[in-house]
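Student: fold the following, please.
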Amino acid sequence: MSKPQAVTNAPYTARVQLQLTPAGLTGPLVQFGPTGATGTGATGPLGAFDPRRDLEIYVDGSLIDVLTFSFDTDNNRYLMFADKAIDLQGVIQVVHRMPSPPFADTSSSTLSGFAIQASFSVSGDPGGWGIRWGQDWGTGA
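Tutor: Got it, this is the predicted structure:
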C-alpha cells in the first residue's frame, strides 16, 4: 500500500504538507465508528483527523509542535504549521500510529500507520516550488 507524502515549501519554512493523493486517499479523513458505519453521528471517538494529535513530526531528531493546520481541498493535502522555522534540508520524519478503528477517507479507504522520512529534491508544488519528501522509513504500526 502506498503512503502519503510529506512536502515542505519555500518560503513557508514553518509549514509541512501531508499529501494524500500518493496514498490513493481523498480527504478530509475521519474515524468512523467501530462498525464502519457512515453518515451523521457515525464517527468514532477521535472524530476528524487532527495532525496536532494524530501525527508526530521530528526535525533532526527533535519533536516539533504543530500549532495549527488546515485541509486544502483543492490539492487534497493537510497543511501543518509549526511553532518555529524548521531546517528544510534537515532529517524530517512524519509518523502516524493507526488507531482502532483507523481513519478513513471519503470512500472509506483506510489510512494505515506509517513513518516517512525526507529525501531532499527541488520540485514543483501547486502555487510554487518546494522540497519533496516521501522516502519510506519503516512500515509504521
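Student: any idea which helix or strand carries the residue lying closest to Gln31 once chain neighbours are set aside?
Tutor: In space, Gln31 comes closest to Gly44 once its chain neighbours are excluded; the distance is 3.7 Å by C-beta to C-beta, 6 or more residues apart in numbering. Where C-beta positions appear, they are placed from N, C-alpha and C, glycine not excepted. Assigned by DSSP states H and E, Gly44 falls within strand 43-48.
Student: give me the next element, helix or strand, following that strand.
Tutor: helix 51-54.
Student: so how far is that next one off the chain centroid?
Tutor: Relative to its chain's centre, helix 51-54 lies at 9 Å (C-alpha atoms, centre = their mean, to the nearest Å).
Student: direction included, what does the next helix or strand after it pair up with?
Tutor: For helix 51-54, the following helix or strand on the C-terminal side (DSSP H and E) is strand 56-59. Using DSSP bridges, strand 56-59 pairs in its sheet with strand 62-64 (antiparallel), strand 92-96 (antiparallel).
Student: any chance you could list what contacts strand 56-59?
Tutor: Residues outside strand 56-59 that contact it (C-beta atoms under 8 Å, 6 or more residues apart in numbering): 16, 63-64, 66, 80, 82, 86-87, 90-96.
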